[in-house]
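Engineer: just need the structure, nothing else, for what follows:
(chains A and B, ligands or ions: 2)
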Amino acid sequence: MTVSLECAACADERAAGAAFCESCGRTLATGSPAGAGPRCPACGPAGAVDADGYCGTCGMLAARPRDHAEADSSPVAAAVTDRGLRHQRNEDAMWLAVRGADTDAVVCDGVSASYDPDVASAVAAEAAGRVLAAGGDDLAGRVAEAITAAGDAVAELARTDPRRAASNPACTIVAACVRGTEIGYGWVGDSRAYWVPERGDARQLTEDDSWATHAIALGVDPQSAWNDPKAHAITAWLGADAGPVRPRTDTLRPGEAGMLLLCSDGLWNYLTDPAELASTVRAAVRKAPDLIAAARTLVAFANEAGGADNITVVLVPIHP
Amino acid sequence: MAYTAEAFQNEFLALGATEVNAIVTVTSSGAEGGLRTAGATEIIIVDCSGSMQAEGRMIAARQAAKAAVNCIDDGVRFAIVAGVSTAQQLFPAPGQLAVATPETRAQAVHAIDRLQANGGTAMGAWLKLAHQLFAQRPGDIQHAILLTDGENGEYKGYLESVLQEIGGSFTCDCRGVGTNWTVSELRKIATAMLGTVDIVARPQDLAAAFEQMMTAAMGKTSAGVQLKVWTPVNSTIRFVKQVEPQMVDLTGKRSEDGPRAGRYPLGSWGSESRDYHVCVDVTAGAAGDEMLAARVSVVEGDVAHAQCLVRAVWTDDAALSARINRQVAHYTGQAELADVIQAGIEARKAGDDRTATLKFGRAAQLAHQSGNTATEELLSTVVEIEDAATGTVRLRRRIEAADEMALDTRSTKTVRVGRGQ
Ligand SMILES: [Zn+2]
Ligand SMILES: [Zn+2]
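Structural biologist: Numbering: from 1, shown residues only, chains lettered A, B, ... in the order given. Ligands and ions are numbered 1, 2, ... in the order given. Predicted coordinates:
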């Protein structure tokens, strides 16, 4: 996972893409110096967490930084990723970099059937994020380049470890590059981008690389397609066994104000109706004091609905 | 020494479950070039009680002691103790240790010819003398061989008090020759001294047994290896057992090492691999919680050679929590096998044939299922195994004492998963 943003404790305002600020080494989440042992959430100040992540007193695994992470760049953008309730670890990863009004955002979802999917998603999000920041003027082309770089980075993992080589770590990706009112976006797999206007239904910008979407395109009744056990099986992904990566990309110039939403299936599984998704997002934004609180509200919504998967939400408001 | 430690377990627990089990495999590649990192001292204790005169045992014991002496590497310190109603040092001069050379080995062989069977049996005193001799060489790999043919003659409780005092300070392999000795007594010594116990029914097999023990001892390259186990607050260690190559309960041998950690002695090590079963009771967590139930490390003094983690993850997914780890299941079965054999032998001695048949039946079933063919063969000397799969057995009318003692002493021998003997 990669949380970005300028580190509050550091004067260098570059858009670093790391869990720790690259300049001063402080964790972006807490502002405490990197390396200082965190406190055990189970037994409080009494327990110091050892290097392997377990409390030296009660033995509980102290929340791993990836279990819940936030990147707050309100009002420009905000992102939250969460382990959810049913999974043992968070295999989603995200990247958010903001410079002025420019925003780069990436959401990746590790494929659980592979070995180290959490590493795959983290590596992909970072590789894509770095390319998004440095690419050319054609935003869709920049996103395509970023996704290709992410695919190469994930495929490389299988060459570093025999266990990884045996199962090919894999993940999905959705990435967006916002410059002014122009949005370049692209994806591989079933992580999604939505345009949520101020009124009316949400528009799904991406088309899942999934069995259900494929079946519906071939004429299968949508309801029965989504009820099929294979519905969520993805038909394209990033990984050594994915073959050549062919990201689908596009650009969007919304003529009205609204919200760009990137999310993993941990959220959209509970909001399959475009009208309901739109009203849920708008309600979250309206009721929350700021953008990060709205992103948290959406994560909480997924957790209250069951939290069956890892949840990642990125919100980028657009004002033409 | 290069050690590795690896934990095998199903870390997933049902909600409310508190028992965490793991098999920890410790493997050592041995010292570089097979050289000892410490010095070594060997003491051979030979029972010279009057009964050794019978069946040519004394002659065989002399040959065995000579064979063992000839296996001692140059440079290793050694001594020979003649066990009578007291302990008498036969070689070298009382209170001394010899340094093995071709000359000292020849002198020792000469001295062994003077061994005469004409005393009593005082194992506590013999072990105490060995302990005093070893005390001159702290840091050495310390190993003794104790040979006896009878029961201890010291007053009741004396041997136990000696074991209490010196237990674990050196390794002692015990051998009983003939069938007039008591398995439980020698097992008590071997367990306290982290050694092995076995029967040598026929005196003529003694020399080979001594040679094998001494060769194994010479293969040990480091002394005082320990298993350090850290457990979280509010947890209790139910047991720590060596489960392979044989069952040895180490639970009671714990010495505290800082908060929530303790050390268990593993004795001396060469190039080898052993398995340990660690069972910890922890406080139950909520669904999705992950706890470190034990951090297990292989240590020598202040040096930690290897470490592995025993984890607990609570889940409401019954498919995950219901799986019993193959290794844990296997060694739980091997522990039960040793228990039912010993219970069967006791029942038979007490005249309770019904219980004995039941216990031996279960033993036959467990031995068969786990591929422990050596134990299955030993069982078949005591019972007729009609159907091992169902545990149907019939007690044999006539049972040779030596067979039953062999079954008893070797009941703790285990096999690894999927590896028949
Ligand atoms: Zn704690
Ligand atoms: Zn997902």
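Engineer: any idea of the pLDDT on the residue in chain A that chain B sits nearest to?
Structural biologist: Closest residue of chain A to chain B, C-beta to the nearest C-beta: A:Gly59 (2.9 Å). The C-beta positions use only the backbone N, C-alpha and C, and glycine is treated the same way. Note on A:Gly59: pLDDT of 90.
Engineer: what's the closest non-adjacent residue to B:Glu11?
Structural biologist: Nearest in space to B:Glu11, with sequence neighbours left out and distances taken as C-beta to C-beta, 6 or more residues apart in numbering or on different chains, is B:Arg311 at 4.3 Å.
Engineer: the residue of chain A closest to chain B is in contact with B:Val280, isn't it?
Structural biologist: No - shown here, A:Gly59 and B:Val280 do not form a contact pair, counting by C-beta atoms under 8 Å, at 9.6 Å.
Engineer: which of those two has more neighbours?
Structural biologist: Of the pair A:Gly59 and B:Val280, A:Gly59 is the one with more neighbours under other C-beta atoms under 10 Å in any protein chain shown, namely 32 against 24.
Engineer: look up the closest residue to the more buried one, ignoring the ones flanking it.
Structural biologist: Leaving aside its sequence neighbours, A:Gly59 sits nearest to B:Pro232 (C-beta to C-beta, 6+ apart; 2.9 Å).
Engineer: for that neighbour, give its distance to ligand 1.
Structural biologist: Between B:Pro232 and ligand 1 the computed distance is 8 Å (C-beta to the ion, to the nearest Å).
Engineer: would that residue count as being in a helix?
Structural biologist: No - with DSSP: H, G, I helix; E, B strand; the rest coil as the criterion, B:Pro232 is coil rather than part of a helix.
Engineer: run a quick neighbour tally on it.
Structural biologist: When neighbours are counted by other C-beta under 10 Å, B:Pro232 registers 25.
Engineer: cool, B:Glu19 as well?
Structural biologist: Close neighbours of B:Glu19, defined as other C-beta under 10 Å, add up to 13.
Engineer: could you check the pLDDT of it?
Structural biologist: We have a pLDDT of 96 for B:Glu19.
Engineer: list the contacts for B:Tyr331?
Structural biologist: B:Ile23, B:Val243, B:Glu244, B:Asp275, B:His277, B:Thr414 (C-beta atoms under 8 Å, 6 or more residues apart in numbering or on different chains).
Engineer: so of these, which ones are in strands?
Structural biologist: Counting by DSSP state E, the part of the contacts of B:Tyr331 found in strands is B:Ile23, B:Val243, B:Glu244, B:Asp275, B:His277.
Engineer: could you pull out the helices in the stretch 151-300 of chain B for me?
Structural biologist: In the stretch 151-300 of chain B, the segments counted as helices under DSSP state H, counting those that start in this stretch are B:158-166, B:183-192, B:206-218.
Engineer: coming back round to it: and the contacts of B:Tyr331 as CSV, adding pLDDT, distance to chain A and neighbour count?
Structural biologist: Output for the contacts of B:Tyr331, formatted as CSV (pLDDT from 0 to 100; distance: C-beta to the nearest C-beta, whole Å; neighbours: other C-beta atoms under 10 Å in any protein chain shown):
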residue, pLDDT, distance to chain A, neighbour count
B:Ile23, 96, 19, 26
B:Val243, 95, 24, 25
B:Glu244, 93, 26, 23
B:Asp275, 96, 23, 23
B:His277, 97, 19, 24
B:Thr414, 91, 29, 24
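Engineer: take the residues you listed and lay them out in TSV including distance to B:Ile166.
Structural biologist: Output for those, formatted as TSV (distance: C-beta to C-beta, whole Å):
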residue	distance to B:Ile166
B:Ile23	31
B:Val243	26
B:Glu244	26
B:Asp275	27
B:His277	27
B:Thr414	27
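Engineer: residues in contact with the residue of the stretch 101-250 of chain B found nearest ligand 2?
Structural biologist: Using C-beta to the ion, the closest approach of the stretch 101-250 of chain B to ligand 2 is made by B:Pro232 at 31.7 Å. Contacts for B:Pro232 were tallied using C-beta under 8 Å, 6+ apart; they are A:Cys55, A:Thr57, A:Cys58, A:Gly59, A:Met60, B:Arg260, B:Val282, B:Met291, B:Leu292, B:Ala293.
Engineer: show me what A:Met178 is bridged to.
Structural biologist: No Met there; residue A:178 is Val. Beta bridges link A:Val178 to A:Thr103, A:Ile183, judged by DSSP bridges.
Engineer: burial check on B:Gln53, number of neighbours?
Structural biologist: Counted with other C-beta under 10 Å, B:Gln53 comes out at 15.
Engineer: how about it, secondary structure?
Structural biologist: Recorded secondary structure, B:Gln53: helix (three-state DSSP).
Engineer: now the residue lying closest to it once chain neighbours are set aside: which helix or strand?
Structural biologist: Setting aside the residues directly before and after it, B:Gln53 is nearest to B:Ala117 in space (C-beta to C-beta, 6+ apart), at 4.4 Å. Using DSSP states H and E, B:Ala117 falls within no helix or strand.
Engineer: how near is B:Ala117 to B:His131?
Structural biologist: B:Ala117 is 24 Å from B:His131, where distance means C-beta to C-beta, to the nearest Å.
Engineer: and the next element down the chain from the lengthiest strand in chain B?
Structural biologist: Using DSSP E to define each element, chain B has its longest strand at strand B:303-315. Where DSSP H and E defines the elements, the next helix or strand beyond strand B:303-315 is helix B:318-321.
Engineer: got the buried residues for that next one?
Structural biologist: Buried residues in helix B:318-321, defined by neighbour count with 16 or more other C-beta atoms under 10 Å in any protein chain shown: B:Ser321.
Engineer: roughly how far apart are the nearest residue to B:Ile166 once chain neighbours are set aside and B:Ala217?
Structural biologist: In space, and not counting its chain neighbours, B:Ile166 is closest to B:His131: 4.5 Å by C-beta to C-beta, 6+ apart. Separation of B:His131 from B:Ala217 (C-beta to C-beta): 17 Å.
Engineer: before we move on, what about A:Ala128?
Structural biologist: 61 Å.
Engineer: next to chain B, which bits of the stretch 1-150 of chain A? Give me the list.
Structural biologist: A:43, A:52, A:54-55, A:57-61, A:83, A:85-88 (C-beta under 8 Å from any C-beta of the partner chain).
Engineer: give me phi/psi at the closest residue to chain A within chain B?
Structural biologist: Per C-beta to the nearest C-beta, the residue of chain B with the smallest distance to chain A is B:Pro232, at 2.9 Å. Here is the backbone geometry of B:Pro232 (degrees, to the nearest 10): phi -70, psi 170.
Engineer: and it, how far is that from B:Gln307?
Structural biologist: Distance, B:Pro232 to B:Gln307, using C-beta to C-beta: 16 Å.
Engineer: contacting residues for residue 158?
Structural biologist: Picked chain A for this. Neighbouring residues of A:Ala158 by C-beta under 8 Å, 6+ apart: A:Arg164, A:Ala165, A:Asn168, A:Pro169, A:Gly239, A:Ala240, A:Asp241.
Engineer: I was thinking of chain B, sorry if that wasn't clear
Structural biologist: Taking C-beta under 8 Å, 6+ apart as the criterion, B:Tyr158 is in contact with B:Gly124.
Engineer: tell me the confidence at it?
Structural biologist: pLDDT recorded at B:Tyr158 is 95.
Engineer: so where's chain A shaky on pLDDT?
Structural biologist: Low-confidence segments of chain A (pLDDT under 70): A:1-39, A:45-47, A:63.
Engineer: just the helices from it, written as ranges.
Structural biologist: Taking DSSP state H as the criterion, chain A carries its helices at A:117-134, A:139-157, A:162-167, A:211-217, A:222-227, A:265-268, A:274-287, A:291-304.
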